[in-house]
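1. Quick one, fold the following:
(2 chains)
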Number of protein chains: 2
Amino acid sequence: MSIADYIAKIAKRAKDASIVLANTDTAQKNNALERMAENLISDAGLILKANDLDINCAKKKNRTSAFLEKLQLNHKRIKDMAGGIRQVATLDDPVGQVIKKWQRPNGLMISKLRVPIGVIGIIYESRPNVTSDCASLCLKSSNSIILRGGSESIHSNVAISKALVKALVKTGLPEGAINMIGITDRKAVDILLKQVGLVDLVIPRGGEGLIKEVTAKSQIPVIKHYKGVCHVFVDEYADLGMAEKISFNAKCQRPGVCNAMETLLVHKNIAKKFLPVIAARFKEANVELRGCPKTRMIVKGVRRAAEADWYTEYLDLVLSVRVVDDLDEAIGHIRKYGSMHSDAIVTENTENAGEFLKRVDSACVYVNASTRFTDGYQFGMGAEIGISTDKIHARGPMGLEELCSYKYAVWGDGQIRE
Amino acid sequence: MSIADYIAKIAKRAKDASIVLANTDTAQKNNALERMAENLISDAGLILKANDLDINCAKKKNRTSAFLEKLQLNHKRIKDMAGGIRQVATLDDPVGQVIKKWQRPNGLMISKLRVPIGVIGIIYESRPNVTSDCASLCLKSSNSIILRGGSESIHSNVAISKALVKALVKTGLPEGAINMIGITDRKAVDILLKQVGLVDLVIPRGGEGLIKEVTAKSQIPVIKHYKGVCHVFVDEYADLGMAEKISFNAKCQRPGVCNAMETLLVHKNIAKKFLPVIAARFKEANVELRGCPKTRMIVKGVRRAAEADWYTEYLDLVLSVRVVDDLDEAIGHIRKYGSMHSDAIVTENTENAGEFLKRVDSACVYVNASTRFTDGYQFGMGAEIGISTDKIHARGPMGLEELCSYKYAVWGDGQIRE
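-> Alright, predicted model coming up:
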């Protein structure tokens, strides 16, 4: 079978399954999720064997230890994946929820109802746990999923998806609801992005290369899950103790994720007082600072930040630091260099806080809190398929509700338009 | 200046203006809208002169009278356009509305706030009134707009947009808020569709060629406003008087619009009774019927419907008619041939109504009412920028709320993630 036929077949099967899923009740979906979790545990041996193959390949290619760490599975990780699926089962079913309901003067009763999107393609890089996270969220929201993981986790992904699909079959759901593209040829993605009418949405999660390629080629709507160049701005009216706590948390609590701070902006009027203190804490935590000229005059031994640094999502123990003249300059910096993901101000001045909230056009804007809270769980939405960096459809944490579209159900008793 | 530079300059200007608009208050926006309406009236002479140029060109090209009718402006139509703008001024400002607000156990206060999308490109065909409708809706929702109308209405569109832009300048708003692409070269659209980071959304309104081209080329999110192949299904349990009234209204009240019925589906058990009656009414109204074999056996002189007819949006006094065995066949037909726009069932059987509502995956699904109600005004949403035929972001009538994105404003008092 050609790659084109293979992908078209998957897309068709996913679309057919989505029609069944759209009217599958909550109990049956939860039952399938429960089985999916069980199957991951009972297939752990097979999954770990497949993971070994991926790990060995990656080692032969001399991949970094950070890469191997993300790719590596073990019993604990598989148990966590199963736990994640069970968690999704406990979340409210979004399908059929009434978003709004109203009656028109002519008697028409209009309900805006949440419905699944249909078929969702997820294109991601090498973490195998994404496979089960995304599959469970799509199933709970009655969407079929087509997964395309990184080529270096192909064996792990195929093994995981096999365990999940078995659960569908056992619980009477169509196996086309969960589909893993089992070939690593990059043409498969190009063809997937052309399945207009079969695939309804594509979500690329990853770096610049992936995002650009998908955006350029897709004829299907795309919601990008791209980078987080997140800022904390310490205003001149900040509680400096709080500023220290928030800055440190935003950078160090988990530096490898998209809601971690990448650039610290400090008001010039408190820079001399604040920077030495926070720099000392960062030094202890082995954070490398890259600073503007003013920062470097205040803190010795800081490397000079290049223009490209301000745009960079380090995802590591590296931080850009800049002293700014005022709130305007801070907002201007965020507008220019940021990725509209998550940005925070630390200030006791309510007016400045309000200005920052109004004028910083990011998915999540914080006053006196760490950017690390941008997360479906932390927001109380439950699990998330990721953090959208787009402005269309879903912005910020994308959970079950955001995996839905809506339709209008209109009840009349013979109304016609005059 | 090259076309690429010209478009990039417009896109940049629009983006800059959108930053100002995002925090412009309602009173100032309404003031500008009021002026825009006044300017249309005071510039009517110039606009009609420009329209004459377009009409003369179209006549030379032997365009149909229907085409000329749509393109033609007169004092009454300009007054209606001004009235439309004033109507938008009376609508609620969506920007800043709190969609949801909640507090987390750790004290974080999260507000989901409506914010403008940013810069919206509208690509449309030849009706000049679309220019002022879309410009006023985008302004009210604090979005900058880049308009690209059909080449055959270029003079009219430029004259209208000049009148509108003058109002912006007079009321202290940036003129980059409303932009008309003043050249007809098709390359301009290709370049517009590549303005990633400057243009946030593109809405193509038009026929298959336009929609396909925009979808294939755009690197910016697209919300399609495509065709309506709308159905009315007359169930065996229908009140046949009501079915007659609804079918006739859905086809004939305004056949040239996307929410008009294009295909009538009739349950076999009432076909012999219902079809002759409705066929007689359609005959009186000069509606041409194209039927399936069963229809043609019941009503004499009906032309045979070709496979392509079932897919066709006639936008005219033509109707496809098919007799179906049951509800399942009706739903199957709609799924296969419909465009997921607006579909209705006429039935007194609540169970069948419920099945139809659940299983027909269209933006608007009706029970016992005409499909002609799919419209922002009729739904009580106010004016609309069009009817989305997509499932991502906006579906069905797209009004001011749907021209917005959202952001999360999060207030804390020093929260960090543990």
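2. going forward, measure contacts and count neighbours with C-alpha atoms only.
-> OK.
3. For the residue of chain A found nearest chain B, what are phi and psi?
-> Nearest to chain B, among the residues of chain A, is A:His393, at 3.7 Å (CA to the nearest CA). The phi and psi values for A:His393, taken as degrees, to the nearest 10, are phi 70, psi -70.
4. Find the nearest non-adjacent residue to it, please.
-> Leaving out its chain neighbours, the residue that sits closest to A:His393 by CA to CA, 6 or more residues apart in numbering or on different chains is B:His393, at 3.7 Å.
5. What pLDDT does the model give that neighbour?
-> Note on B:His393: pLDDT of 97.
6. Contacts only, for it.
-> A:Ile392, A:His393, A:Ala394, A:Ser405, B:Ile223, B:Glu402 (CA atoms under 8 Å, 6 or more residues apart in numbering or on different chains).
7. Buried residues of the lowest-mean-pLDDT helix or strand in chain A, list them for me.
-> None of the helices or strands of chain A scores lower by mean pLDDT, DSSP states H and E than helix A:65-71, at a mean of 88. Using 16 or more other CA atoms under 10 Å in any protein chain shown as the test for burial, helix A:65-71 gives A:Leu68, A:Leu71.
8. Name the surrounding residues that touch it.
-> Applying CA under 8 Å, 6+ apart, the contact partners of helix A:65-71 are A:Asn51, A:Asp54, A:Ile55, A:Ala58, A:Lys59, A:Ser126, A:Arg127, A:Pro128, A:Ser153.
9. most neighbours, which of those residues?
-> Among the contacts of helix A:65-71, A:Pro128 has the most neighbours (other CA atoms under 10 Å in any protein chain shown), with 28 neighbours.
10. gap between it and A:Ala383?
-> From A:Pro128 across to A:Ala383, the span is 17 Å (CA to CA, to the nearest Å).
11. hang on, the earlier thing: return the subset of the contacts of B:His393 lying in strands.
-> Among these, DSSP state E puts A:Ser405 in strands.
12. For the residue nearest to A:Asp413 when sequence neighbours are not counted, give me its contacts.
-> In this structure, A:Asp413 finds its nearest non-sequential neighbour in B:Asn368, 5.3 Å apart by CA to CA, 6+ apart. The contact partners of B:Asn368, by CA under 8 Å, 6+ apart, come to A:Trp411, A:Gly412, A:Asp413, A:Gly414, A:Gln415, B:Met242, B:Ala243, B:Ile246, B:Ala344, B:Ile345, B:Val346, B:Thr347.
13. Next one: B:Asn368, what pLDDT does it get?
-> For B:Asn368, the model assigns a pLDDT of 98.
14. Backbone dihedrals for it, both of them.
-> For B:Asn368, the backbone dihedrals (degrees, to the nearest 10) come out as phi 60, psi 40.
15. same deal with A:Thr24?
-> phi -90, psi 140.
16. Near it, how many other residues are there?
-> A:Thr24 - counted by other CA under 10 Å - has 15 other residues nearby.
17. A:Met381: what secondary structure?
-> coil (DSSP: H, G, I helix; E, B strand; the rest coil).
18. and if you look at A:Arg335?
-> A:Arg335 - assigned by three-state DSSP - is helix.
19. what sits against it?
-> Per CA under 8 Å, 6+ apart, neighbours of A:Arg335: A:Val360, A:Asp361.
20. can you give me the strands for the stretch 301-418 of chain A?
-> Here the stretch 301-418 of chain A has its strands, by DSSP state E, counting those that start in this stretch, at A:303-304, A:318-324, A:342-346, A:364-369, A:386-388, A:396-398, A:404-415.
21. how about the strand or helix carrying A:Leu21: buried residues?
-> In this assignment (DSSP states H and E), A:Leu21 forms part of helix A:3-22. For helix A:3-22, burial by neighbour count (16+ other CA under 10 Å) applies to A:6-8, A:10-22.
22. Likewise for stretch A:257-276?
-> Buried residues in stretch A:257-276, defined by neighbour count with 16+ other CA under 10 Å: A:257-268, A:270-272, A:274-275.
23. Return the alpha-carbon coordinates of stretch A:301-317 using PDB.
-> Output in PDB follows, covering the C-alpha atoms of stretch A:301-317 (Å, rounded to 0.1, in the frame of the first residue of the first chain):
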ATOM      1  CA  GLY A 301      30.400  38.100  36.000                       C
ATOM      2  CA  VAL A 302      27.100  38.100  34.000                       C
ATOM      3  CA  ARG A 303      27.500  37.100  30.400                       C
ATOM      4  CA  ARG A 304      26.200  39.700  27.900                       C
ATOM      5  CA  ALA A 305      22.800  38.800  26.400                       C
ATOM      6  CA  ALA A 306      22.800  38.800  22.600                       C
ATOM      7  CA  GLU A 307      19.800  40.100  20.700                       C
ATOM      8  CA  ALA A 308      18.800  36.500  19.900                       C
ATOM      9  CA  ASP A 309      18.700  35.600  23.700                       C
ATOM     10  CA  TRP A 310      15.700  37.800  24.200                       C
ATOM     11  CA  TYR A 311      13.700  35.600  21.800                       C
ATOM     12  CA  THR A 312      15.000  32.300  23.200                       C
ATOM     13  CA  GLU A 313      13.100  29.700  25.000                       C
ATOM     14  CA  TYR A 314      16.000  28.100  26.900                       C
ATOM     15  CA  LEU A 315      14.000  25.300  28.600                       C
ATOM     16  CA  ASP A 316      17.100  25.100  30.800                       C
ATOM     17  CA  LEU A 317      18.900  26.800  33.700                       C
END
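24. any idea of the mean pLDDT in it?
-> Averaged over stretch A:301-317, pLDDT sits at 96.
25. Work out the gap between the helix or strand containing A:Ala280 and the centre of the chain.
-> For A:Ala280, the host element (DSSP H and E) is helix A:268-284. Distance, stretch centre to chain centre, for helix A:268-284: 32 Å (CA atoms, centre = their mean, to the nearest Å).
26. Report whether it contacts chain B.
-> No: Helix A:268-284 stays clear of chain B (CA under 8 Å from any CA of the partner chain), getting no nearer than 15.6 Å.
27. list the contacts for A:Asp221?
-> Actually, residue A:221 is Pro rather than Asp. Neighbouring residues of A:Pro221 by CA under 8 Å, 6+ apart: A:Asp200, A:Leu201, A:Val202, B:Pro221, B:Val222, B:Ile392.
28. Fine by me, we can end here.
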